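Enquirer: Sequence first, then the predicted structure, then my questions.
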Amino acid sequence: MNITEQAGPAGRFPRDRSVPRFPEGPAPDPAGSHHERRIRSFQPRRSRVTTSQEDALQRLWGQWGLDIDGRRVLDLDELFGGLPVVLEIGFGMGEATAQMAADDPDTGILAVDVHTPGQGNLLGLAERNGLSNIRVANGDAIILLREMLPPHSLDGLRVYFPDPWPKKRHHKRRLIQPEFLSLASTRMKPGAILHCATDWEPYAEQMLEVLSAHPDFENTRPDGGYAPRPDFRPLTRFEGQGLDKGHVVHDLLFRRTQN
């Protein structure tokens, strides 16, 4: 078979996913095959990387980025110069993350996502705004929590607008489940805050139910319900679009107990 016959539609060849798209940037599959395959709560999105995002990935990844390969335990004191560290799982295009980092420069934000354009965008925002308290992690947050973070090392955990997986058969893919909370609690310091936000009402109800039932967390609300959006969480573009459509956004703030 000659080369032409091997090519796909319009003579294009499928890209080898094992080859880095950005040689100086994030790896295409950082954990590879040395960790078990399982049902995942995220679904990588394919979208175009702009020239500025590609430039940021190539120039800044070595300084502010890290791949979640599951092969080492991170020294967060070294990574953030001794700052308290909050883990943010899923940051989209990174505008809200950059705003929170700018508003609170004395807190380090370890921001995790698998969306390459968003990784590049956040790196670019960090550079333009002089935000040295952001690190961008590429890969599976579960592997990061389980394999790469020391016990009781996090001062907070943020999960804003995770995929709601609205179909009933997909509910098992939702991130906020008892098993996830049990893992996360081992990496959070006593008193650390887990802050979730969603505009999907059934998911908000599930979050409230599983968090309220978990022995390692307690609701910061005396009434046991949802919390008002705190000032430190910016109103995101995605959230604004949802509000324009009549969506109701629920915030949940739960404290890691002392047990």
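Expert: Perfect, thanks for sending it. Numbers count the residues shown, from 1 in each chain.

Enquirer: CA only for contacts and neighbour counts going forward, please
Expert: Noted.

Enquirer: Output stretch 120-140 as CSV, nothing but the C-alphas.
Expert: What follows is stretch 120-140, C-alpha atoms only, in CSV (Å, rounded to 0.1, in the frame of the first residue of the first chain):
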residue,chain,number,x,y,z
GLY,A,120,-2.7,28.0,26.9
ASN,A,121,-5.2,30.8,27.6
LEU,A,122,-4.6,30.6,31.4
LEU,A,123,-0.8,30.6,31.0
GLY,A,124,-1.1,33.7,28.8
LEU,A,125,-3.3,35.4,31.3
ALA,A,126,-0.9,34.6,34.1
GLU,A,127,2.0,36.1,32.2
ARG,A,128,0.2,39.2,31.0
ASN,A,129,-1.0,40.0,34.6
GLY,A,130,2.1,39.0,36.4
LEU,A,131,0.4,36.1,38.3
SER,A,132,3.2,34.0,39.7
ASN,A,133,0.8,32.1,42.1
ILE,A,134,-0.8,29.9,39.3
ARG,A,135,0.4,26.5,38.2
VAL,A,136,-1.5,24.7,35.4
ALA,A,137,-1.8,20.9,35.6
ASN,A,138,-2.7,18.7,32.6
GLY,A,139,-4.5,15.4,33.1
ASP,A,140,-6.8,13.5,35.4
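
Enquirer: Let me see the mean pLDDT of that stretch.
Expert: Stretch 120-140 shows a mean pLDDT of 97 in the predicted model.

Enquirer: List the buried residues of it.
Expert: 120-126, 131-140 (16 or more other CA atoms under 10 Å).

Enquirer: what does stretch 251-259 give?
Expert: For stretch 251-259, a neighbour-count test (16+ other CA under 10 Å) marks Asp251, Leu252, Leu253, Phe254, Arg255, Arg256, Thr257 as buried.

Enquirer: lowest-pLDDT helix or strand in this structure?
Expert: Lowest on mean pLDDT, DSSP states H and E among the helices and strands of the chain sits helix 3-6, with a mean of 38.

Enquirer: Following element in sequence after it, please.
Expert: Counting by DSSP states H and E, the next helix or strand C-terminal to helix 3-6 is helix 51-64.

Enquirer: I'd like to know which elements that next one is packed against.
Expert: In terms of contacts (3 or more CA pairs under 8 Å, 6 or more residues apart in numbering; DSSP states H and E), helix 51-64 is packed against helix 116-128, strand 134-138.
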